[in-house]
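**Student:** What follows is a predicted protein model with its sequence.
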Amino acid sequence: MLPDGSTLRHRNVPTKRGDVAYNLVTRFASLLWFWRFWSHIKGLVLRVFCCRSEPDTTAISLNSNDTSAEQVGSPGPAFFLGHTRFATSSGPSVTDTHPHRFSKRSRVVFWSCTPAGWQKRNENFELYVTHNGDLDYLEELDTHVLRTHKEVGLWLQLVLRTSSIPGCDSVKVAGMLELFRTQGIWKHALRLSSLLSTFNKTSFHANVIDAETLNSAATIADKVFSSFVKNHGVTALKDDLSNLEHLSTSLAAELFKDPRLHNTYGTCETLARHATHFFLENDLFTSVHKFMEKAHGSFGISACCSLDRDLVVIASRGQAMSLSFNEAYGVVLWGSEASALNVPFAHGDVQLVGGPKGVSSRSHSCTHRYDLDEDGGEVVEVRVASCAQTLSLVMAHWAASGNVRDIFSSTICNMGGLFAPFPMQAGLHLRVYKQRVKKFLCKEEFQHPDSCISISSLVQVKVRV
């Protein structure tokens with residue numbers, strides 16, 4: 001996941017005596033070099049022939065006082081998701097190799113909230129998942145009926161309009177998260193809403209909304225929301241819950257003008273109400289939690305989305321997952337093998353960008369480790385935020401839907417459970433939710449020595465023994 005929202009993926013199936021690490025790193029480096037070269041050439045062409053430097057870098061800023069176009073988006077952190085495995089449940093093949101995505105890259109109209117106002121722009125949408133474990137069954141979205149991963153795959157192909165997918169179970173995890181991740185995208189919110197609004201039919205038997213009708217409904221929703229934020233301002237939804245009902249009612253009235261939507265996917269009121277909530281609340285963190293609530297099996301998951309350039313979501317149930325941190329450098333590592341997180345992330349006397357000066361190379365390893373609750377289930381969001389005001393607005397609108405307290409069965413603070421775990425890294429934020437006890441961890445609970453373990457102290461104990 002690159003800072004501009006684009007993605008690069010390389011998958012490698014080694015020979016019997018092949019070097020997995022060497023092949024992955026060298027081939028991925030070549031792919032990254034080619035991407036940089038192509039981006040440079042594309043930029044030159046745009047500047048010469050189109051008089052602009054980058055495509056889709058401007059967005060409409062919509063609030064009560066300002067409708068001017070603004071430059072949006074700034075370089076953020078780059079995330080790397082890797083996965084190695086032995087082919088225990090299937091033969092080795094590239095198509096069954098992680099990271100997985102269910103659908104190919106698509107273009108979406110994406111809304112985001114900043115202090116300057118709501119911004120609408122065209123973005124690439126891709127969602128990638130690595131998954132240790134097995135997806136045995138999945139409950140239907142609105143019932144407790146169990147479906148096998150093969151049934152889930154066939155259903156997702158219809159709903160997401162994907163022609164062919166690998167046969168492994170992990171790609172269905174990616175498909176379900178793609179279906180759930182609807183925040184800021186009216187098209188995706190309406191697609192999910194249509195599955196839950198149909199009269200007397202469960203989600204797996206609901207009428208699948210056709211592409212033409214869905215695009216038309218999404219265009220209507222974008223126009224309604226654009227008008228709403230112009231008239232009510234950037235903070236309307238978080239300041240007054242009655243505005244949420246007003247938005248839903250306005251959307252239902254406009255959707256009703258399309259005869260194709262008359263009671264085909266439930267009433268327009270139900271369709272609009274569900275879609276409005278999904279548009280606000282279904283971020284990647286909530287999507288992973290919803291999937292884990294419905295899924296049966298074992299899961300060690302890391303997930304990222306091209307729209308969420310500054311975060312990754314880690315989840316565990318039935319499979320070990322750990323996070324490790326170096327407070328001085330702001331480095332965060334995660335993986336299914338806790339011992340692997342003890343390795344240095346840099347070698348020799350090097351000065352890392354952003355790190356403190358004069359620090360010896362011995363500090364190039366992580367100093368703390370947090371083990372997710374694989375028995376009760378746990379979801380963790382790791383986010384690198386560059387603007388505290390924007391982050392506050394994002395979390396306020398996430399909580400504005402009114403459903404999130406019911407979804408998580410927990411009280412939620414103003415920052416939606418986010419906290420900065422280390423004082424030296426103000427931009428690093430975590431959101432930690434324990435599924436069995438239905439609780440968001442606060443900063444003090446996370447920092448407790450029994451929770452966030454000091455790796456250096458463990459090493460010292462081993463040496464003494």
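**Tutor:** Received, thanks.
**Student:** low-scoring pLDDT stretches of the chain, where are they?
**Tutor:** In the predicted model of the chain, residues 1-5, 50-92, 94, 239, 347-363, 414, 456-465 satisfy pLDDT under 70.
**Student:** Tell me where the longest strand sits in it.
**Tutor:** strand 127-139 (DSSP state E).
**Student:** which secondary structure elements does it contact?
**Tutor:** strand 146-148, helix 149-160, helix 170-180, strand 295-305 (3 or more Cβ pairs under 8 Å, 6 or more residues apart in numbering; DSSP states H and E). Quick note: C-beta positions are derived from backbone N, CA and C, even for glycine.
**Student:** now, of those, which is deepest in the fold?
**Tutor:** When you average the neighbours per residue for each of the helices and strands packed on strand 127-139 (mean count of other Cβ atoms under 10 Å), helix 170-180 leads with a mean of 25.
**Student:** Run the angle between that one and strand 295-305 for me.
**Tutor:** Angle, helix 170-180 to strand 295-305, by axes from the mean of the first three to the mean of the last three Cα atoms, to 10 degrees: 70 degrees.
**Student:** what is the orientation angle of helix 170-180 with strand 127-139?
**Tutor:** 100 degrees.
**Student:** Following element in sequence after helix 170-180, please.
**Tutor:** helix 186-197 (DSSP states H and E).
**Student:** coming back round to it: so which of the helices and strands packed on strand 127-139 is nearest S392?
**Tutor:** S392 sits nearest to strand 295-305 of all those, at 21.1 Å, using Cβ to Cβ.
**Student:** So the chain: which segments form each domain?
**Tutor:** 1-55, 60-281, 303-464 (automatic domain parsing).
**Student:** So for G297, which of those sits nearest?
**Tutor:** Across those, closest to G297 is domain 60-281 (Cβ to Cβ), at 4.0 Å.
**Student:** mind listing the helices for the stretch 201-350 of the chain?
**Tutor:** 211-232, 236-239, 242-255, 268-281, 284-294 (DSSP state H, counting those that start in this stretch).
**Student:** among those, which is the most enclosed?
**Tutor:** Greatest burial across the helices of the stretch 201-350 of the chain, using mean count of other Cβ under 10 Å, falls to helix 268-281, with a mean of 24.
**Student:** Mind naming the longest helix for this structure?
**Tutor:** helix 20-45 (DSSP state H).
**Student:** so who does the closest residue to A252 other than its chain neighbours touch?
**Tutor:** Spatially, and ignoring its direct neighbours in sequence, A252 is nearest to A272 (3.8 Å; Cβ to Cβ, 6 or more residues apart in numbering). A272 sits next to 193, 248-249, 251-252, 255 when contact means Cβ atoms under 8 Å, 6 or more residues apart in numbering.
**Student:** how much space between the residue most central in space within the chain and A275?
**Tutor:** Of all residues in the chain, the one closest to the mean position by Cα atoms, centre = their mean is L284, 3.3 Å from it. Computed as Cβ to Cβ, to the nearest Å, the L284 to A275 distance reads 18 Å.
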